[in-house]
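> predicted structure and sequence below. I'll ask about it afterward.
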Amino acid sequence: MFGRHADRARPDDQEVDVDVHLEHDITAVQQAADAYLDNPGQVVRQELLAALEALDRQTAAADAYQANIGGSAVFGFSPKGSVIGETGQYPLAEELPGSVLRAQITLVKAAKAAVTEPGPTTFDTLRSASLSLTSMQPPEPGGERI
């Protein structure tokens, strides 16, 4: 229909390359958010805030790298931006389904709202985002998803 072919992968299923450092920071936010959902006390909230701040530093470094003309195609290097969150010319990348990356972004936004505007609405939004992301990830070896 209208140029679409049934054998093409849907955009949700397409893999994207994500810098491993960025992915590590997102995973730390996910773990801190889950801990906060289990025990929404002040100490755990501060741990979630610290994880979000580390992620913000990583994304700021990626933004600064993207804005820097050095190492760009202008000088004959590969174009920047082939890896999401890259901070250098030779990034280590991990492939993720695009749908998982979008769920991670939703979780991060929900976590930021939960720590800056605590309340039942933001808490419920964070829980929903966490459950959605968890449902997309394979269970850890030796563990079962509850």
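Sure thing, it's come through.
> show me which helix runs longest in the protein.
helix 42-67 (DSSP state H).
> for the next helix-or-strand element following that helix, name the packing helices and strands.
Per DSSP states H and E, the first helix or strand lying C-terminal to helix 42-67 is strand 93-97. In terms of contacts (3 or more CB pairs under 8 Å, 6 or more residues apart in numbering; DSSP states H and E), strand 93-97 is packed against strand 15-19, helix 20-38. Placement of C-beta: from N, CA and C, glycine included.
> returning to that earlier point: and the longest helix of the chain, how far from the chain's centre?
Offset of helix 42-67 from its chain centre (CA atoms, centre = their mean, to the nearest Å): 11 Å.
> rewinding a little: so can I have TSV of the helices and strands packed on strand 93-97 showing distance to residue 100, mean neighbour count and mean pLDDT?
TSV is the format used below for the helices and strands packed on strand 93-97 (distance: least, CB to CB, whole Å; neighbours: other CB atoms under 10 Å; pLDDT from 0 to 100):
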stretch	distance to residue 100	mean neighbour count	mean pLDDT
strand 15-19	9	18	90
helix 20-38	10	19	96
